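Novice: dropping the sequence and predicted coords here.
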Amino acid sequence: MNRAIRFIIRKITRRIRQLRYPFLTTNITINRPFRIDGKNGIYIGGDSSFQSGLWMYSHVTDSSTGKISIGSNCSFGYNNHITSAGEVTIGDDVLTANNVYISDNIHGYEDILVPIMRQPIIFKNSVVIGSGAWIGENVSIIGARIGVNSVIGANSVVTKDVPDYCVAVGAPAKVIRRFDLSTGLWKRV
């Protein structure tokens, strides 16, 4: 196949992708397979990449649409799941490992006579992941904020806010190190 035909095919493919996924900006890589539900509530900044297994879900009801906003230059590992009933905001230059779950909601479970899957989705709190954060393997973040340049260790469950320049680990996650701006050193907490 000559260069002109490959060029035309690339242009047509990009145009089809823009029509199908209007939230995508320039230089976005999403490896197959992936699933995106509620695309009208999703925005992804330029130069971000997603490994295969991505599922993004912006929950839509009669009264609201969940919003997912992802900054530029982000890199997401395999099998990441990002879901929003309210608002999930991920800053620039965020790195996630594999099997990361980010959500601002949970399933209701209060009515014991109704199966949980038939109970309403309950908004917990907005999720904000600060620019430059690193989210480790198998981490779950539910209704919490992660500070700028903070690290969340592998297998952690984050349900409470983590400040800027911290390392948090565990289930539930607790801050174990904090960067001291006055001394320029990492200190144990």
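Specialist: Structure's in. What do you need? Numbering: from 1, shown residues only.

Novice: okay, CA-based contacts and neighbour counts for the rest of this
Specialist: OK.

Novice: what's the neighbour count on M56?
Specialist: Neighbour count of M56, defined by other CA atoms under 10 Å: 20.

Novice: and for G41?
Specialist: A total of 21 residues lie near G41 under the criterion other CA under 10 Å.

Novice: tell me the contacts of K67?
Specialist: Going by CA atoms under 8 Å, 6 or more residues apart in numbering, K67 touches G41, I42, S58, S84, A85, G86, E87, V88.

Novice: which residues of the protein fall in helices?
Specialist: For the chain, helices defined by DSSP state H occupy the ranges 3-20.

Novice: return the helix or strand in it with minimum mean pLDDT.
Specialist: For the chain, the helix or strand with the lowest mean confidence is helix 3-20, at a mean of 74 (criterion: mean pLDDT, DSSP states H and E).

Novice: hang on, the earlier thing: which one (most neighbours) among the contacts of K67?
Specialist: Across the contacts of K67, the neighbour count under other CA under 10 Å reaches its highest value at S84, namely 29 neighbours.

Novice: surely that one and D104 touch.
Specialist: Yes - under the criterion of CA atoms under 8 Å, S84 lies in contact with D104, with a separation of 5.6 Å.
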